[in-house]
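Chemist: Build me a structure from this.
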Amino acid sequence: MTDSRYERAIKLIDAAHAEDPNKITINGIEQPYELHYSQKMMSYLEKRSRSAPELLQLAIRAQHFRRWEIPRDSYPMTKIGYHAWRTFLKKRQADMASQICLDVGYPVEDATRVAHLIRKEDLKEDEETQILEDVACLVFLDDQFEEFEKQHDEEKIVRILQKTWGKMGEEGHNLALKIPMSGRCKALVEKALDGD
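Modeler: A predicted model of the protein is given here:
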């Protein structure tokens, strides 16, 4: 039986994720970080939207497509540098994911939609873009926050948590409050929300 275009796209996306030289060990098993990240994104998508459309699933799976190739320190370590890096990554990741969609047989309008979602366009107006943003924020809180908070001062962390919370919708908030966290991380989230 021949794979569907969706299955072919997922295989190509995951093959690229598998090339990530950055590794993470989960339950004693080492794997490329971006493969882990995309699986975590899909897991939270299932919780956030059980009936997510195919194109949203592709955008979620490819959200950090080949991100490791453009490390954060390739841009100035300033707020402006950070935003320039993020803007470039969103466009690059969207373009590459869109090309995969075209390569496996999706029509141009579908490939364009996947790119639109990855660039997070029309956040707050487009329900699917909001779902993608919620999922990305949930993965940050669940998978990256504990390590992140060790690298920054409390004031910066609280500010970032407030911005993260502001980007999420109500359903994302509800799921975020259910994420198990260490005492310190939970206290930081509570502090951020109290100051909201």
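Chemist: which helix in the protein runs the most residues?
Modeler: Secondary structure of the chain per DSSP state H: the longest helix is helix 79-103.
Chemist: buried ones in that one?
Modeler: 85, 89-90, 92-94, 96-98, 100-101 (16 or more other Cβ atoms under 10 Å). Just so you know, the C-beta spots here come from the backbone N, C-alpha and C atoms, and that holds for glycine as well.
Chemist: before we move on, what about stretch 143-153?
Modeler: Result for stretch 143-153 [16+ other Cβ under 10 Å]: buried residues 143, 145, 148-149.
Chemist: Does Glu121 belong to a helix, a strand or coil?
Modeler: Secondary structure, DSSP: H, G, I helix; E, B strand; the rest coil: Glu121 is coil.
Chemist: if you skip the residues just before and after it, what's nearest to it?
Modeler: Of all residues not flanking Glu121 in the chain, Thr129 sits nearest, at 6.3 Å (Cβ to Cβ, 6 or more residues apart in numbering).
Chemist: I'd like to know how far Ile26 sits from Pro32.
Modeler: Here the criterion is Cβ to Cβ, to the nearest Å. By it, Ile26 lies 11 Å from Pro32.
Chemist: So for these two, which sits in the more crowded spot?
Modeler: The residue with more neighbours, out of Ile26 and Pro32, is Pro32; 19 against 11, by other Cβ atoms under 10 Å.
Chemist: give me every residue that touches the residue lying closest to the more buried one once chain neighbours are set aside.
Modeler: Take Pro32 and drop its neighbours on the chain: the residue closest to it by Cβ to Cβ, 6+ apart is Asp20, 3.8 Å away. Residues in contact with Asp20 (Cβ atoms under 8 Å, 6 or more residues apart in numbering) are 32-35, 68.
Chemist: and the spatially most central residue of the chain, how far is that from Lys124?
Modeler: Centroid-nearest residue in the chain, with Cα atoms, centre = their mean: Ala136, separated by 3.6 Å. In this view, Ala136 and Lys124 are 15 Å apart by Cβ to Cβ.
Chemist: Arg48 too?
Modeler: Arg48 is 16 Å from Lys124, by Cβ to Cβ.
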